[in-house]
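1. Please find the sequence and the predicted model below.
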There are 2 protein chains.
Amino acid sequence: MKRKVTLKQIAKELDVSISTVSKSLRDSHEISEDTRLKVQAFAKLYNYKPNNIALSLKNKKTKTIGIIIPEIVHHFFATVISGIEQVANEMGYNVIVCLSNESFDKEVINMEMLATGSTDGFIMSLSKETQQKKDFHHIQEVINQGMPVVLFDRITNDVLCDKVIIDDQMAAYEAVDYLVGLDFKEIALVTTVDYVSVGKLRTDGYINALNDHNIPVRDELIVKIEDIDHCEEPIAALLESQRPKAIFAVNELFAVTCIKQANKIGIRVPEDLSVIGFTDGIISQYSSPSITTVSQNGARMGGKAAKMLIDRLELDDENEQYTTQLIETELVLRESTPTL
Amino acid sequence: MKRKVTLKQIAKELDVSISTVSKSLRDSHEISEDTRLKVQAFAKLYNYKPNNIALSLKNKKTKTIGIIIPEIVHHFFATVISGIEQVANEMGYNVIVCLSNESFDKEVINMEMLATGSTDGFIMSLSKETQQKKDFHHIQEVINQGMPVVLFDRITNDVLCDKVIIDDQMAAYEAVDYLVGLDFKEIALVTTVDYVSVGKLRTDGYINALNDHNIPVRDELIVKIEDIDHCEEPIAALLESQRPKAIFAVNELFAVTCIKQANKIGIRVPEDLSVIGFTDGIISQYSSPSITTVSQNGARMGGKAAKMLIDRLELDDENEQYTTQLIETELVLRESTPTL
């Protein structure tokens, strides 16, 4: 029984990274000649089929779209998938979903798997690790082979392709501007570390809004969370030490954690503290008080991404310019901010 | 450019259902000879490739597992996928996810797509429509072709294969038994319509628990929700007309809706009303009060399903008996029931 050798197996066998194998097979000069030749010889010996098989299959349409997302236990990504599904089905396409689990290697492996004949194109949101490494060769490669890619939400400017994003910076600006309009001066920010592109943009929006209102940006009011599963402690520390009157949180888990931690130490929401979150998921809806939030319109974003990909698949003109579409956000007012 | 014709296209062209096409191609006597011949002729004309291609590919392992689930905006299914991913990755397998969106046709189409060379086997939970129709020929077919299938959560006894379930009846029994132990006699049930197998089993568990405690089962305390997106009204009606002191709800959306509706009419939880839900998702955790619930251990269920499937894929003995594994549940006590 002859098994097809995979990138992962070659990497393991030669004790190099998956990225090194992938680059060596494309003769990248980032890799030493020694390593390149070793990888190429090994791949040949074990009959490795790189995914430029996709090239020869270009005319054999699968009518299937591959989606690669960082994680699935996340309402936003789930709603994006729903949006993609709906438009894709209406236009006669099937959808396959793979998860990177925030891992660069898994993202590369999934792309390789789906590119070899399973799908016509990709809709994807980058893993945290990919954003950190800034290594996008796997995406560039499938594009070079003629498979269109649409990036959404977590994107990069280093790859030329169609993109769908919300204007994270403007959305954050509007949320903070709304808090300033409620007469708050000391507005805290609970955000992610900077390499997460959307976290960085929302942080920038917060800073711009404060600047435009001549409110000083104070570092002690900004908390950057490294690990979302351990956000209670830094948030509790912020509440205890700064007692902010308003918080803008860049996702809904941070927002609901602000409320829970505030409750624990007798700070009432919205009487003593106003909270605005980001992402209109089920937590924002069902928490008590329910949470005022920037709605990302995940389903609309997914639908738009599907439309862009399918249009490009069915378009013969390859010179068409790439576009970046902005999805509108809206502030959904609920119980965690005072009624005007 | 020659495109592969799909089941769906044949069905549309001949104005028959996808199931009719699928059955006609396997010469099923459920379909009239006239229709069968018409479908077969059409399929031949358009060079339809049925998925018994999988048979000839049996020795060409893809090292990929196909998952088909009813919906993705659902924390339980998301946690099951996480569990499958983790075990599959540890054992060197990739995972592909497709959604049926509760549609029988989409389930058939997805299976056909994945069975033609993309995956070695399936882990799936049945769509509502499939359970209603009791039509499982698509599953039986891939099993007959030698691709193993593991069913989880929403299963059927009509297909012989490996299964992973929680003991829904026992889990519901224990939840209701717990409420009886708190001295409640009038315990309402908010459940699904009977054709959803897990809803039916949880309803049976509720009835058995009441019977064993000699508490009469009263129809006016049982609400069967047809459409989960419109559960507010029937739940509000139950609360208004019956003023139950305790409610057992068969999922967490029903449970949180009970709490929200109770709050609206001044019924306090847990002081005036105790609520136990099912599925330990983020709603149960973050709602206020947080919700006492039967934890389904989705990740453990997914991990077990992956292990069963991979063991069967790597086992040569085809006579191995099929098994049904039970996943243990536990009652997670939170704020929606009184402290003992």
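-> Done, it's in. Numbers count the residues shown, from 1 in each chain, chains lettered A, B, ... in the order given.
2. ok, residue A:133 - how many residues close by?
-> Neighbour count for residue A:133, taken as other CB atoms under 10 Å in any protein chain shown: 12. C-beta: built from backbone N, CA, C; applies to glycine.
3. Flag every residue of the stretch 1-150 of chain A that's near chain B.
-> Of all the residues in the stretch 1-150 of chain A, those in contact range of chain B (CB under 8 Å from any CB of the partner chain) are A:1-4, A:6, A:8, A:59-61, A:63-64, A:72-75, A:78-79, A:81-82, A:85, A:89, A:92, A:94-99, A:101, A:106, A:109-110, A:113-114, A:117-118.
4. Inside helices: which ones of these?
-> A:8, A:75, A:78-79, A:81-82, A:85, A:89, A:106, A:109-110, A:113-114 (DSSP state H).
5. Mark which of the residues you listed are buried, thanks.
-> Among those, the ones that count as buried by 16 or more other CB atoms under 10 Å in any protein chain shown are A:8, A:75, A:78-79, A:81-82, A:85, A:89, A:106, A:109-110, A:113-114.
6. I'd say residue A:280 and residue A:299 touch.
-> No - assessed by CB atoms under 8 Å, residue A:280 is found out of contact with residue A:299, at 10.5 Å.
7. more crowded one of the two?
-> Counted by other CB under 10 Å, residue A:280 and residue A:299 do not tie: residue A:280 has more neighbours, with 24 against 19.
8. ok, that one - contacts?
-> By CB atoms under 8 Å, 6 or more residues apart in numbering or on different chains, the contact set of residue A:280 is A:252, A:293-296, A:332.
9. Sort those residues by pLDDT and name the bottom one.
-> By pLDDT, residue A:296 ranks lowest within the contacts of residue A:280, coming in at 87.
10. Next one: that residue from residue A:219, what distance?
-> 27 Å (CB to CB, to the nearest Å).
11. So for those two, which residue has more residues nearby?
-> residue A:296 (26 against 6).
12. Report the contact partners of the more buried one.
-> Neighbours of residue A:296 in contact, by CB under 8 Å, 6+ apart: A:76, A:166, A:171, A:278-280, A:327, A:329.
13. try it again with 10 Å
-> Neighbour list for residue A:296: A:75-76, A:79-80, A:153, A:166, A:168, A:171, A:198, A:251-252, A:278-281, A:327, A:329-330 [criterion: CB atoms under 10 Å, 6 or more residues apart in numbering or on different chains].
14. where does it sit relative to residue A:302, distance-wise?
-> 11 Å.
15. now the end-to-end length of stretch A:222-230.
-> For stretch A:222-230, the separation between the terminal residues is 17 Å (CA to CA, to the nearest Å).
16. Apologies, that question was intended for stretch A:142-155.
-> With CA to CA as the measure, stretch A:142-155 spans 16 Å from end to end.
17. how distant is that stretch from the center of its chain?
-> 14 Å (CA atoms, centre = their mean, to the nearest Å).
18. tell me the mean pLDDT over stretch A:210-226?
-> On average, stretch A:210-226 scores 96.
19. just stretch A:195-206 next, same as before
-> Here stretch A:195-206 scores 89 as its mean pLDDT.
20. Extract the CA atoms of it and return them as CSV.
-> Extracted C-alpha coordinates of stretch A:195-206, given in CSV (Å, rounded to 0.1, in the frame of the first residue of the first chain):
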residue,chain,number,x,y,z
TYR,A,195,0.6,41.5,16.6
VAL,A,196,-3.1,40.5,16.3
SER,A,197,-3.9,42.9,13.4
VAL,A,198,-7.5,43.6,14.4
GLY,A,199,-6.5,44.2,18.0
LYS,A,200,-3.9,46.7,16.9
LEU,A,201,-6.4,48.6,14.6
ARG,A,202,-9.0,48.8,17.4
THR,A,203,-6.3,50.1,19.7
ASP,A,204,-5.4,52.8,17.1
GLY,A,205,-9.0,53.8,16.8
TYR,A,206,-9.2,54.2,20.6
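21. so residue A:21 makes contact with residue A:137?
-> No - shown here, residue A:21 and residue A:137 do not form a contact pair, counting by CB atoms under 10 Å, at 11.4 Å.
22. what sits in contact with each of the two?
-> residue A:108.
23. between the two, who's got more neighbours?
-> residue A:21 (27 against 15).
24. For that one, grab phi and psi.
-> Dihedral pair for residue A:21: phi -60, psi -50, per degrees, to the nearest 10.
25. which residues sit in contact with it?
-> By CB under 10 Å, 6+ apart, the contact list for residue A:21 reads A:6-14, A:31, A:35-36, A:39-40, A:42-43, A:48, A:108.
26. Now restrict those residues to buried residues only.
-> The buried subset of the contacts of residue A:21 (16+ other CB under 10 Å) comprises A:6-11, A:14, A:31, A:36, A:39, A:42-43, A:48, A:108.
27. and of those residues, the nearest to residue B:122?
-> residue A:6 (20.7 Å; CB to CB).
28. List the residues that contact the closest one.
-> So residue A:6 contacts A:12, A:18, A:21, A:46, A:48-49, A:109, A:112-113, B:62-63, B:92, B:94 (CB under 10 Å, 6+ apart).
29. ok, back up a step: overlap in contacts, residue A:280 and residue A:299.
-> residue A:79.
30. Tell me the residues that contact both of residue A:296 and residue A:302, please.
-> Any residue near both residue A:296 and residue A:302 by CB under 10 Å, 6+ apart counts here, and that gives A:79-80, A:153, A:327.
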